[in-house]
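Colleague: what follows is a predicted structure for the sequence shown.
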Amino acid sequence: MRYVRLIALAALAFCPAAPRLQGQDKQIEKLAPYYPTPETVVDKMLQLGGLKQGEKMFDLGSGDGRIVIMAARKYKADATGVEFDESLYKQSMERIKNLGLAATARIIHGDLMKQDYSSADLITVYLLPLSNDKVSPLLEKQMKKGARVVAHDFEFSAWKPAKIEDIDDDGEGRSHRLYLYRR
Ligand SMILES: C[S@@+](CC[C@H](N)C(=O)[O-])C[C@H]1O[C@@H](n2cnc3c(N)ncnc32)[C@H](O)[C@@H]1O
């Protein structure tokens, strides 16, 4: 099973990710390719992060918005995603609207390195290992005391996890590892 996880990790880590984007988005560094977290794992991430009703959560690089949507829908949190990819941004906003979640969920179309996370109670992250190292100084500066971070598959090398959770099978034969950090 661990072997299957390694294949998935390699697929994410070696997916061609241009270090800088062209044109309109040229100032934005691509910190990971799009590779969605399975829904069963999304639920485990939010459980591990102890997300409570009314809390503010952010997903850094929100893809199709699945973490933000589950946070707002199931956990009744105030959920924000940040996504630079225009088509993923539009797709996730459309789904949020169709589900009637617009009051408690939204996606910021922009660079996750340029946002304000000072109000966050929980942050979720599924980015590459070197990207986590780029994000950690920003979060250290901005996050309030008691806030939590849950990282999927790739840890923050500068931080000591409060808890590590292994998921042996996500229902599709893949294993995952989650890291919980507390400020
Ligand atoms: C591995 S995917 C994770 C998607 C989602 N969080 C999930 O777990 O299902 C990483 C996402 O980060 C986005 N991304 C990468 N660099 C970014 C940046 N600098 N600003 C905003 N989004 C970014 C990618 O477009 C992609 O959708």
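Modeller: Okay, I see it.

Colleague: all contacts plus neighbour counts: C-alpha atoms, from now on.
Modeller: OK.

Colleague: strands of this structure, residue ranges please.
Modeller: 56-60, 78-83, 105-109, 122-125, 148-152, 163-167, 176-182 (DSSP state E).

Colleague: could you dump these into JSON lines and include mean neighbour count and distance to Ile28?
Modeller: Converted to JSON lines, the strands of the chain look like this (neighbours: other C-alpha atoms under 10 Å; distance: least, C-alpha to C-alpha, whole Å):
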{"stretch": "strand 56-60", "mean neighbour count": "25", "distance to Ile28": "14"}
{"stretch": "strand 78-83", "mean neighbour count": "26", "distance to Ile28": "11"}
{"stretch": "strand 105-109", "mean neighbour count": "22", "distance to Ile28": "11"}
{"stretch": "strand 122-125", "mean neighbour count": "25", "distance to Ile28": "17"}
{"stretch": "strand 148-152", "mean neighbour count": "24", "distance to Ile28": "21"}
{"stretch": "strand 163-167", "mean neighbour count": "14", "distance to Ile28": "31"}
{"stretch": "strand 176-182", "mean neighbour count": "21", "distance to Ile28": "26"}
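
Colleague: so which of the ones you listed comes closest to the ligand?
Modeller: strand 78-83 (3.8 Å; C-alpha to the nearest ligand atom).

Colleague: pull the CA coordinates from that closest one and hand them back as CSV.
Modeller: This file holds the C-alpha atoms of strand 78-83, laid out as CSV (Å, rounded to 0.1, in the frame of the first residue of the first chain):
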residue,chain,number,x,y,z
ASP,A,78,-16.6,29.9,6.9
ALA,A,79,-14.4,28.7,4.1
THR,A,80,-12.1,30.4,1.6
GLY,A,81,-10.0,28.9,-1.2
VAL,A,82,-7.2,30.6,-3.1
GLU,A,83,-6.6,29.4,-6.7
